[in-house]
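In: give me the fold of what follows.
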Amino acid sequence: LPSPSLGAIWDILHPLRFGEPVAASWEALGPRLLHVHIKDGKPDPAAAKPEDWALTLLGEGAVPVQEILSLLRAGGYHGILSVEWEKHWHPELAEPEVALPQHAERLREWMAAQ
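Out: So this is what the prediction gives:
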C-alpha cells in the first residue's frame, strides 16, 4: 500500500510453515516492518497438513530465530519484538509461567551475542 502510515507485523513462524525463506520475508516486509512476533516450532509429522507445525520452546524448533535477529539488526530494525505463546489454542504446550521466562532468557542471550 502506498501510505507510509501503514506497516506490517512479521509473525516469523508462518511464512516458514509455507516454505517462504527468511530472506524473502524480510525483503517483502522489511521497509514496512513495525512489529515482530518471535516464536519457534518444527514440522509435525503427525499433522494432517505439512504446514501444521508443532510449537516449541524458543531454540528447540526449526525457526532460525538467531538468523532473523541478525537480519533485523543488520537491516536497521528498531521496532517491537514480542514473544507469542499460544497455550489457549494449544493446551498441550508448556504453561506460560515456564515458556515466557524461557523465551525472555533465550532472547536476552541471543541479542547480547549479536
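In: can we go C-alpha only for contacts and neighbour counts from here?
Out: Will do.
In: so which bits of the longest helix anywhere in the chain are buried?
Out: Using DSSP state H, we find that the single longest helix of the chain is helix 96-112. Using 16 or more other C-alpha atoms under 10 Å as the test for burial, helix 96-112 gives 99-100, 103, 107.
In: equivalent analysis for stretch 9-29, please.
Out: For stretch 9-29, a neighbour-count test (16+ other C-alpha under 10 Å) marks 10-14, 16-17, 22, 26 as buried.
In: what's the closest of the buried residues of helix 96-112 to residue 4?
Out: Nearest to residue 4 among the buried residues of helix 96-112: residue 107, at 29.6 Å, using C-alpha to C-alpha.
In: now what about stretch 27-38, what contacts it?
Out: Residues from elsewhere that reach stretch 27-38 (C-alpha atoms under 8 Å, 6 or more residues apart in numbering): 6-13, 65, 75, 77, 79-84.
In: try it again at 10 Å.
Out: By C-alpha atoms under 10 Å, 6 or more residues apart in numbering, the list of residues contacting stretch 27-38 from outside reads 1, 4-13, 23-24, 26, 58, 63, 65, 68-69, 71-72, 75-85, 103, 107.
In: with just CA atoms, put that stretch into PDB.
Out: Only the C-alpha atoms of stretch 27-38 are listed here, as PDB (Å, rounded to 0.1, in the frame of the first residue of the first chain):
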ATOM      1  CA  GLU A  27      12.600  -8.400   1.500                       C
ATOM      2  CA  ALA A  28       8.800  -8.100   1.400                       C
ATOM      3  CA  LEU A  29       8.300  -6.700   4.800                       C
ATOM      4  CA  GLY A  30      11.500  -5.000   6.000                       C
ATOM      5  CA  PRO A  31      10.800  -1.500   4.800                       C
ATOM      6  CA  ARG A  32       7.300  -1.500   6.400                       C
ATOM      7  CA  LEU A  33       8.000  -3.600   9.500                       C
ATOM      8  CA  LEU A  34       6.700  -2.300  12.800                       C
ATOM      9  CA  HIS A  35       6.300  -5.400  14.900                       C
ATOM     10  CA  VAL A  36       7.900  -8.900  15.000                       C
ATOM     11  CA  HIS A  37       6.300 -11.900  16.700                       C
ATOM     12  CA  ILE A  38       9.000 -14.300  17.900                       C
END
